[in-house]
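Undergrad: Mind folding the following:
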Amino acid sequence: MTVAEFLEPEGWFHPGAGPRYMQLWQRLNDGVSRGILQPGSPLPAEREIAAITQMSRVTVRKAFQMLADEGTIVQKQGSGSFVASKPERIEQTLSRLTSFSEDMTRRGKTSTSRFLERGFFMPSPDEITSLGLSSEDSVARIVRLRMADGEPMAIERAALPTDILPNPLSVETSLYEVLERDGFRPVRALQKISAINLSAKDAALLAVPVGDAGLMIDRTSYLENG
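TA: Residues are numbered from 1 along each chain as shown. Prediction:
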């Protein structure tokens, strides 16, 4: 299957299933995971993808930016966009879960946060899959810059079903404290760790140069009932 055939919208685009750029982002991610878009290979130009998918270049550009921010593609000035080399990924099962606040307290540091996003949102394709949601559901999402003794340490993005976190504004310090108070503290998790190069947006938040090495930690947590 060629890249053009893979991107034909009849095979994956569904009106009403979420924003166009999110569906295109998910399709391109699928192409990378299935090996249709090989590591190091160039992506078609924005105008080509716009013509194939019958979407605007603004839509394609937003999908590309998401892929670049998460390290899936690399954009090179004057050369185009390329699929990033596949990072080594470590997967581990966690039976003891701790929060950032708890980790920093154990290290003798004071943790603080700056909220970047907090409320109810339309779920992304990844959130729909991971949390077992439908495209009509909302998701409670919290995005924070986490700091220890005033120094930026991490960007934390948490997404939960609304029946687990019915009021995202109730989270002021520790998310785990709120979940434990309401009887929803997770008991185990599957965690994936991979090396990335920080995007311009994330590097600015963490006060480091663009492209610096970082760790991407993706944790899916479970309640006792599974």
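
Undergrad: List the residues that contact Arg219.
TA: For Arg219, the contacting residues are 94, 189-192, by C-beta atoms under 8 Å, 6 or more residues apart in numbering. Placement of C-beta: from N, CA and C, glycine included.

Undergrad: Can you give me the distance of it to Leu165?
TA: 16 Å (C-beta to C-beta, to the nearest Å).

Undergrad: the strands in the protein, which residues?
TA: Counting by DSSP state E, the chain has strands at residues 73-76, 80-83, 89-94, 111-121, 139-148, 151-161, 188-197, 213-222.

Undergrad: any idea of the mean pLDDT for the second one?
TA: Taken as a whole, strand 80-83 carries a mean pLDDT of 87.

Undergrad: so what secondary structure elements neighbour it?
TA: Packed against strand 80-83, as judged by 3 or more C-beta pairs under 8 Å, 6 or more residues apart in numbering; DSSP states H and E, are the following elements: helix 57-69, strand 73-76.

Undergrad: rerun at 7 Å
TA: strand 73-76 (3 or more C-beta pairs under 7 Å, 6 or more residues apart in numbering; DSSP states H and E).

Undergrad: CA atoms only: put the strand it packs on into CSV for me.
TA: This file holds the C-alpha atoms of strand 73-76, laid out as CSV (Å, rounded to 0.1, in the frame of the first residue of the first chain):
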residue,chain,number,x,y,z
ILE,A,73,8.2,13.4,13.0
VAL,A,74,11.1,15.7,12.6
GLN,A,75,10.6,19.0,10.6
LYS,A,76,13.7,20.3,8.9
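
Undergrad: so where's this structure shaky on pLDDT?
TA: For the chain, the stretches flagged by pLDDT under 70 are 86-96.

Undergrad: Just name the most buried of the strands of the chain.
TA: With neighbours taken as mean count of other C-beta atoms under 10 Å, those reach their highest mean count in strand 139-148, at a mean of 19.

Undergrad: what sits up against that strand?
TA: 100, 104, 109, 111-121, 123, 127, 131, 133, 152-162, 165, 168, 171, 175, 205 (C-beta atoms under 7 Å, 6 or more residues apart in numbering).

Undergrad: in the sheet, who's paired with the spatially closest residue to Phe100 that is not a sequence neighbour?
TA: What sits nearest to Phe100 in space, not counting adjacent residues and going by C-beta to C-beta, 6 or more residues apart in numbering, is Arg146, at 5.1 Å. Note on Arg146: beta-bridge partners by DSSP bridges are Ser113, Ala154.

Undergrad: check contacts around Ala159.
TA: By C-beta under 7 Å, 6+ apart, the contact set of Ala159 is 127, 131, 139, 141.

Undergrad: quick one: it from Gly16, how far?
TA: 21 Å.

Undergrad: Compute the first-to-last residue distance for stretch 145-155.
TA: Stretch 145-155 has its terminal residues 5 Å apart, counting by C-alpha to C-alpha, to the nearest Å.

Undergrad: Now find how far off-centre it is within its chain.
TA: With C-alpha atoms, centre = their mean, to the nearest Å as the basis, stretch 145-155 stands 19 Å off its chain's centre.
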